[in-house]
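Visitor: How does the following fold in three dimensions:
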Amino acid sequence: MLKVYLDLLSQPCRAVHILLNYNKIPHTVHTVALRKGEQSTPEFTKLNPMQKVPVLVDEGFVLTESDAILKYLVTKHNIPEHWYPRQPERRARVDEYTAWHQTHTRPHAAKVFILEVLLPRMSGGSGPDHSQLERALSELDRTLELLDSMFLRRQPFLCGDDITLADLLAVCELMQPLGGDRDVLQDRPNLRRWRSRVQSALGESFDHAHAVLYALRDRRKAKL
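Guide: Have a look, this model is predicted:
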């Protein structure tokens, strides 16, 4: 059976988890707790020398990049075509976003979470570096502006009328700062409506994948 190695505090892992569960693709999950350093074990390093998640293993075939994993799953399994359309222009739109995603949405949303949540926890509870955080928020705000104007525009989803892998990757990244109780879409109503459409389309699979992130947010709020 298909196996995936995941940590659901990882944004790309959540995207893989959602796609598998929403589309009922048979699989088993092997949890790799990054906070415990389990990605550095000899067994996992043999699977992925980069020591990163997610990893997919399908009958001995190993994939180690989330973008490739998602596209492989859509291509191999009998799930709705809208996730990764066969029509060349529509597929190219998804590829356009997923390429852009790696240098915009992903690093900029992740940096806010790292500065606001991860680094303070690693340093024993001291607060974030506010000047660095403000710069990161400014970079993310520019990315959100482009996400809205370049990709979403007036259509319901990033690449058209139906949800695609682009929406899945993007929404998992933009949820990440919620771990620090920060809604980065608060002042962007068009993107907030898009997020609601994505959440509604994905149903329980969305909340299941984000349960760990919600718990982190709730613990943080309880300490304040």
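Visitor: Do a quick rundown of the strands in this structure.
Guide: Secondary structure of the chain (DSSP state E): strands at 3-6, 28-31, 55-58, 61-63.
Visitor: Please save the CA atoms from the second one in CSV.
Guide: Taking Å, rounded to 0.1, in the frame of the first residue of the first chain, the C-alpha atoms of strand 28-31 are listed here in CSV:
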residue,chain,number,x,y,z
THR,A,28,-0.8,4.5,5.5
VAL,A,29,0.7,7.5,7.4
HIS,A,30,4.0,7.3,9.1
THR,A,31,4.5,10.3,11.4
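Visitor: Surely residue 17 and residue 211 touch.
Guide: No. If you go by C-beta atoms under 8 Å, residue 17 and residue 211 don't touch, sitting 10.6 Å apart. Backbone N, C-alpha and C define where each C-beta goes, glycine included.
Visitor: which neighbours do those two share?
Guide: Counting by C-beta atoms under 8 Å, 6 or more residues apart in numbering, the residues touching both residue 17 and residue 211 are residue 8.
Visitor: hey, which helix or strand in this protein has the poorest pLDDT?
Guide: Lowest on mean pLDDT, DSSP states H and E among the helices and strands of the chain sits helix 119-122, with a mean of 86.
Visitor: Extract the C-alpha set from that helix and format it as PDB.
Guide: Taking C-alpha atoms only, helix 119-122 is exported to PDB below (Å, rounded to 0.1, in the frame of the first residue of the first chain):
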ATOM      1  CA  LEU A 119      12.300  30.800  17.200                       C
ATOM      2  CA  PRO A 120      10.700  32.100  20.500                       C
ATOM      3  CA  ARG A 121      10.000  28.500  21.600                       C
ATOM      4  CA  MET A 122      13.500  27.400  20.800                       C
END
